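Student: Here is my input, please return the structure:
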Amino acid sequence: MNRKRIIVLAGTAAAVVIAAVLLTLDQREEPGLSGGRLFPELEARLNDVTHFTVRLGRDETLNLQRSDDRWLVAEKADYPANLSQLRKVLLALARTEKLEQKTSNPEYYERLGVQDIDQGGEDTRLLRVAADQTTLAEVIVGKSGDGGKSYLRPVDQPVSWLGSEWIDVPRRVNAWLDAQLLAIDSARVQAVEVVHADGQQLRIEKQDGRLRLVSGDRELPARADELERVAATLSSLSLQDIVEDLDSDESVWRSTRFITGDGLIIAAQTLSADDQLYARLTAEIHGQTPGEDLQNEAQRLNERFGGRTFVLASYLSDRFAPTLEALQEPPAEAAQSE
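Tutor: Numbering: from 1, shown residues only. Next up is the predicted model:
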């Protein structure tokens, strides 16, 4: 090999080395490509957060907004948000570190579930965290990666990452709502009155510590377990969703009153339609001199109910509006019990 060729090859090798060094330096200096936290300033500003938006797909967006010391969900009639769920997501997002750089090629985003939300599938979510008008974080959360961790891509960056945390962003709407509506122990319930849309009426009442089924002025033989189920309807009542502008004929709604022995009444209007159970609830007080605690309880409940229409689990339809036929013992069983 002649001297001239050696000099050319040496120069080429040096150029390659220099280029490699420069590329390494460029990558180290490029924001977002050096490891560390995905949103390094977010944790310090969590107390400043006033808005949290979660897009669950193309057609479902929930805006959680802080109002004084409460978080409300704008799309769900300003119903209280699930603070535990919100806090869990915010902390995980704030503490997520960039473990491993993934693709920056949009053609491969779908493999990780980090494509644009309008093109996203079941595994794609978009989160936006803001303090007033300042966006603190905006990120697409994709599929779960190694060890249950999440694939992530900030919306203003092409690079996607395997983060150090699992960002739990459930698709169920009620996961973002303070889902528990009521928790009234069945032992507190003294009577349940039901009026069906067709006019059928029944009453379950507690006498001498035992629930009885009454229609008109006579007691009917009834299944004790079914009566207990009806009395326990409000013991752990959770919502599935909230709807607005429900178009329905008011005459087809059923009326139920759960009456406690200490003066509280929960009045429910319910409707079964389209495999859904819809309910409108109101807290009332009976008796002449209700105590302050009872008045406060009714006020808190009415603030939560707020004239809203709730979607409940469909199986509760027979709890809110049981028929006489469903509660009564079959004739043979009734005869044996006498």
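Student: Check the gap between residue 249 and residue 313 for me.
Tutor: Taking Cβ to Cβ, to the nearest Å as the measure, residue 249 falls 23 Å from residue 313. For the C-beta atoms, the positions are set from N, CA and C on the backbone; glycine is no exception.
Student: neighbour count winner among these two?
Tutor: residue 313 (13 against 8; other Cβ atoms under 10 Å).
Student: For the closest residue to the more buried one other than its chain neighbours, grab the count of nearby residues.
Tutor: Leaving aside its sequence neighbours, residue 313 sits nearest to residue 240 (Cβ to Cβ, 6 or more residues apart in numbering; 6.3 Å). By the criterion of other Cβ under 10 Å, residue 240 has 16 neighbours.
Student: Over to residue 235?
Tutor: Residue 235: 14 neighbours (other Cβ under 10 Å).
Student: Just say helix, strand or coil for it.
Tutor: coil (DSSP: H, G, I helix; E, B strand; the rest coil).
Student: Against residue 208, how distant is the residue nearest to it when sequence neighbours are not counted?
Tutor: Spatially, and ignoring its direct neighbours in sequence, residue 235 is nearest to residue 186 (5.3 Å; Cβ to Cβ, 6+ apart). According to Cβ to Cβ, residue 186 and residue 208 sit 16 Å apart.
Student: more crowded one of those two?
Tutor: Neighbours were counted for residue 186 and for residue 208 using other Cβ under 10 Å; residue 186 has more, 16 against 5.
Student: which residues does that one contact?
Tutor: 228, 231-232, 234-235 (Cβ atoms under 8 Å, 6 or more residues apart in numbering).
Student: The residues you listed, buried ones only, as a PyMOL selection?
Tutor: Buried subset of these, written as a PyMOL selection, criterion 16 or more other Cβ atoms under 10 Å:
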select buried, resi 231+232+234
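Student: Now for the contacts of residue 186: which two are most distant?
Tutor: 228 and 234 (12.9 Å; Cβ to Cβ).
Student: Domain map for this structure?
Tutor: For the chain, automatic domain parsing gives the domain ranges 34-176, 180-337.
Student: Out of these, which is the most enclosed?
Tutor: domain 34-176 (a mean of 17; mean count of other Cβ atoms under 10 Å).
Student: Can you check the distance spanned by stretch 105-112, start to finish?
Tutor: Criterion Cα to Cα, to the nearest Å; first-to-last residue distance in stretch 105-112 is 11 Å.
Student: which residues are contacting that stretch?
Tutor: Contacts for stretch 105-112 (Cβ under 8 Å, 6+ apart): 102-103, 115-116, 119, 121, 142-143, 145, 151, 153, 158, 160.
Student: can you pull out the helices in this structure?
Tutor: For the chain, applying DSSP state H gives helices covering 3-29, 83-95, 109-112, 224-231, 292-305, 317-320, 324-327, 331-337.
Student: chain center to the third one: distance?
Tutor: In other words, helix 109-112. 26 Å (Cα atoms, centre = their mean, to the nearest Å).
Student: Quick check: pLDDT value at residue 152.
Tutor: pLDDT, residue 152: 97.
Student: what residues are up against it?
Tutor: With the criterion set at Cβ under 8 Å, 6+ apart, residue 152 makes contact with 38, 96, 114, 139-142, 160-163, 167.
Student: Tabulate the CA atom coordinates of stretch 253-272 in PDB.
Tutor: C-alpha atoms of stretch 253-272 as PDB (Å, rounded to 0.1, in the frame of the first residue of the first chain):
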ATOM      1  CA  TRP A 253     -90.300   6.000  35.500                       C
ATOM      2  CA  ARG A 254     -90.800   4.000  38.700                       C
ATOM      3  CA  SER A 255     -90.900   5.500  42.200                       C
ATOM      4  CA  THR A 256     -89.100   4.100  45.200                       C
ATOM      5  CA  ARG A 257     -88.700   5.500  48.700                       C
ATOM      6  CA  PHE A 258     -86.200   4.100  51.200                       C
ATOM      7  CA  ILE A 259     -87.200   5.300  54.600                       C
ATOM      8  CA  THR A 260     -84.800   5.000  57.600                       C
ATOM      9  CA  GLY A 261     -85.800   4.800  61.200                       C
ATOM     10  CA  ASP A 262     -84.000   8.000  62.100                       C
ATOM     11  CA  GLY A 263     -85.800  10.300  59.600                       C
ATOM     12  CA  LEU A 264     -84.000  10.100  56.300                       C
ATOM     13  CA  ILE A 265     -85.700   9.300  53.000                       C
ATOM     14  CA  ILE A 266     -84.000   8.500  49.800                       C
ATOM     15  CA  ALA A 267     -86.400   9.000  47.000                       C
ATOM     16  CA  ALA A 268     -85.500   7.300  43.700                       C
ATOM     17  CA  GLN A 269     -87.000   7.600  40.200                       C
ATOM     18  CA  THR A 270     -85.700   4.700  38.000                       C
ATOM     19  CA  LEU A 271     -86.000   3.700  34.400                       C
ATOM     20  CA  SER A 272     -84.800   0.500  32.700                       C
END
